[in-house]
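> Dropping a prediction and its sequence here:
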Amino acid sequence: MLRFAKTLLIVFLAMPLRNTTAQEPKALPSADERYKADIVLVVAHPDDEGAATSYLARALDEHKRIAVVFGTRGSSGANEAGAEQAAALGAIREIEARNALTTLGITNVWFLGGKDTASQNVLQSLANWDHGASLEQLVRLVRLTRPEVILTFLPGTFIGEDHGDHQASGVLATEAFDLAGDPATFPEQLAGPTKRLEPLLENLRPWQPKKIYYFPDADREDIFHGKGPDYSVKEISKATKQPYWRMALDSFRAHQTQAKSFLDKIAQMDEAQIEKMAISEGGGTDALHFVLGKSLVGGSTTGDIFEGVTPGAIPFARPDVSPEPARPELSVELGGPWSFYAEFRRAHGLANLPHPEPPEIALQAPGTVVIPLWVRNRTPKTQEITLSAALPAGWTAQSGTGKFTVAAKQVAAARIEVNLPTQAENGTKKTEPQEISVHAESNGQSIGAVKLRVELRKRTLPQ
Ligand SMILES: [Zn+2]
């Protein structure tokens, strides 16, 4: 009996005291590998992924993991496949976009919930997308997917389709690139629940992507030459034995509500006709061109997108903010999206991002162009300013020219509105952009001039 009691005592003493001694170390849960991406593509609308699918097909050949984020569900625009419109059309287009990407084997696809915006003005699109909420969600998705590389539309305004929503996706992607690695940004996403009733904390980790590349929504190509890598769309996929352009087209077949008539037409063509249409005729292209936004891991400008990328996290890198440009005591500059982009490039370390100089826009004529201006008076006195506009023949200033005053130490918003004439019928000949020049004077002295190149078209998105 004594012996038994002794044994019990020994066993008892050998037992760890609950809550007072160390437990066996257990592995903490790590991030879900199913959602890890090498590439995150950020675009605006269902079918915009088509701007990159021939490259994505190539990246899949190289076993890259890809996720895609759309800004909107594409709920505006005509429906070529059925009667559904508006939100119902958006519900369909979400599935079409998912199906297009599933064709390639991409299933990690998210939508930010922005609304389609028929405008070339990125500021309208950002407002319509609820900029803050969209950015919060995109930062969350970057932290969830931990991409090495982000691909997106080039944030800038150009003569071209110049869709404000396309630009907004590039703005948000750039902001997320610079913020997702910052532990001070959306910290509630990074905190983990430590006790009951904390169900809103997300337990993500900061993530700094390594590179960001852009594709422009512009007609011109000159200013992008040599600014990033080019990828042939004619090369043959190792996995499918099809050219990359063909895989992109097969993926695009899902977009019936946007392109049923086009898809019906190609369904009637033989392979040679399809190739001719896709590659050599308008709309098709031999290569996809990317513009390097920035790399935190070196590599050359025109080198492969994954040049310099090695596995594993890199430290958070706050962007190098360029200094504010020196301005005279009295100055005038183009406002609206143009001045936003100048500040954006400065804030995100994108001083070398190509942008047209002078600034440019394509507009529907007859119609109007509004030239937004910032007039700065840093002097201690109210100043009288005179604005005048030098216009092409037949164009007329409707409002905004003449004399006005700007109070001491104030920045005033001005706008000049110009009527655009009906275009002469000249067949298929493209009209050259024309220049508007706004001059500002004070006390008989020039304080600056602003130029804008405007191309008149039969049809464009509104300014
Ligand atoms: Zn689009």
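Perfect, I can see it now.
> give the contact list for whatever residue of the chain ends up closest to the ion.
For the chain and the ion, the shortest gap (Cβ to the ion) falls at His45, measuring 3.6 Å. From N, CA and C alone the C-beta is placed, and that goes for glycine too. His45 makes contact with 70-72, 74, 93, 116, 165-166 under the criterion Cβ atoms under 8 Å, 6 or more residues apart in numbering.
> Just to check, Thr382 is in contact with Lys409?
No - checked against Cβ atoms under 8 Å, the pair Thr382 and Lys409 is beyond contact range at 9.9 Å.
> anything in contact with each of the two?
Joint contacts of Thr382 and Lys409 (Cβ under 8 Å, 6+ apart) do not exist.
> one step back: could I get the pLDDT score of the residue of the chain closest to the ion?
At His45, the model reports a pLDDT of 98.
> where does it fall, phi/psi-wise?
For His45, the backbone dihedrals (degrees, to the nearest 10) come out as phi -120, psi 150.
> And the one 5 residues further on, by the same measure?
In this entry, Gly50 is assigned phi and psi values of phi -60, psi -20 (degrees, to the nearest 10).
> can I assume it is in contact with Arg253?
No - contact between Gly50 and Arg253 fails when scored by Cβ under 8 Å: they sit 10.8 Å apart.
> Who has more neighbours out of the two?
Higher neighbour count among Gly50 and Arg253: Gly50, with 18 against 15, using other Cβ atoms under 10 Å.
> Report the contact partners of that one.
Per Cβ under 8 Å, 6+ apart, neighbours of Gly50: 100, 248, 251-252, 255.
> Considering only the residues you listed, which also neighbour the ion?
Residues of the contacts of Gly50 in contact with the ion (Cβ under 5 Å from the ion): none.
> okay, and for the stretch 351-463 of the chain, where does confidence drop off?
425-430 (pLDDT under 70).
> can you map out the strands along it?
According to DSSP state E, counting those that start in this stretch, the stretch 351-463 of the chain carries its strands in the segments 360-364, 367-377, 383-390, 396-399, 402-406, 410-420, 434-442, 445-457.
> before we move on, what about the stretch 1-150 of the chain?
Along the stretch 1-150 of the chain, the segments classed as strands by DSSP E, counting those that start in this stretch run 39-43, 66-72, 108-114, 149-153.
> CSV for those, including mean neighbour count?
Output for the strands of the stretch 1-150 of the chain, formatted as CSV (neighbours: other Cβ atoms under 10 Å):
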stretch, mean neighbour count
strand 39-43, 28
strand 66-72, 27
strand 108-114, 19
strand 149-153, 26
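> Taking the centroid of the chain, which residue is nearest it?
Gly170 (1.4 Å; Cα atoms, centre = their mean).
> Name all residues that make contact with it.
42, 152-156, 214.
> Tell me the gap between the helix or strand harbouring it and the middle of its chain.
Per DSSP states H and E, Gly170 falls inside helix 164-179. Put simply, helix 164-179 sits 4 Å off its chain's centre (Cα atoms, centre = their mean, to the nearest Å).
> Over to stretch 306-318?
That offset, for stretch 306-318, works out to 21 Å (Cα atoms, centre = their mean).
> neighbouring contacts of that stretch?
Stretch 306-318 has contacts (Cβ under 8 Å, 6+ apart) with 38, 62, 64, 146, 148-149, 178, 181-183, 206-208, 210-211, 295-300.
> Same check on stretch 219-232?
Residues from elsewhere that reach stretch 219-232, judged by Cβ under 8 Å, 6+ apart: 54-55, 58, 158-160, 213-214, 216, 218, 244, 286-292, 301-305, 354-356, 362.
> Now that stretch: buried residues?
Residues of stretch 219-232 classed as buried by neighbour count (16 or more other Cβ atoms under 10 Å): 223-224, 227-229, 231.
> now stretch 86-105
In stretch 86-105, counting by 16+ other Cβ under 10 Å, buried: 89-90, 92-94, 96-98, 100-101, 103-104.
> Let's see that stretch as PDB, backbone CA atoms only.
C-alpha atoms of stretch 86-105 as PDB (Å, rounded to 0.1, in the frame of the first residue of the first chain):
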ATOM      1  CA  ALA A  86     -27.800  47.300 -65.000                       C
ATOM      2  CA  ALA A  87     -27.200  45.300 -61.800                       C
ATOM      3  CA  ALA A  88     -28.600  42.100 -63.400                       C
ATOM      4  CA  LEU A  89     -26.100  42.600 -66.200                       C
ATOM      5  CA  GLY A  90     -23.300  43.000 -63.700                       C
ATOM      6  CA  ALA A  91     -24.300  39.700 -62.000                       C
ATOM      7  CA  ILE A  92     -24.000  38.000 -65.400                       C
ATOM      8  CA  ARG A  93     -20.700  39.700 -66.200                       C
ATOM      9  CA  GLU A  94     -19.100  38.600 -63.000                       C
ATOM     10  CA  ILE A  95     -19.700  35.000 -64.100                       C
ATOM     11  CA  GLU A  96     -18.500  35.800 -67.600                       C
ATOM     12  CA  ALA A  97     -15.300  37.200 -66.200                       C
ATOM     13  CA  ARG A  98     -14.800  34.200 -63.900                       C
ATOM     14  CA  ASN A  99     -15.500  31.800 -66.800                       C
ATOM     15  CA  ALA A 100     -13.000  33.600 -69.000                       C
ATOM     16  CA  LEU A 101     -10.300  33.200 -66.400                       C
ATOM     17  CA  THR A 102     -11.300  29.600 -65.500                       C
ATOM     18  CA  THR A 103     -10.700  28.800 -69.200                       C
ATOM     19  CA  LEU A 104      -7.000  29.600 -68.500                       C
ATOM     20  CA  GLY A 105      -7.000  27.900 -65.100                       C
END
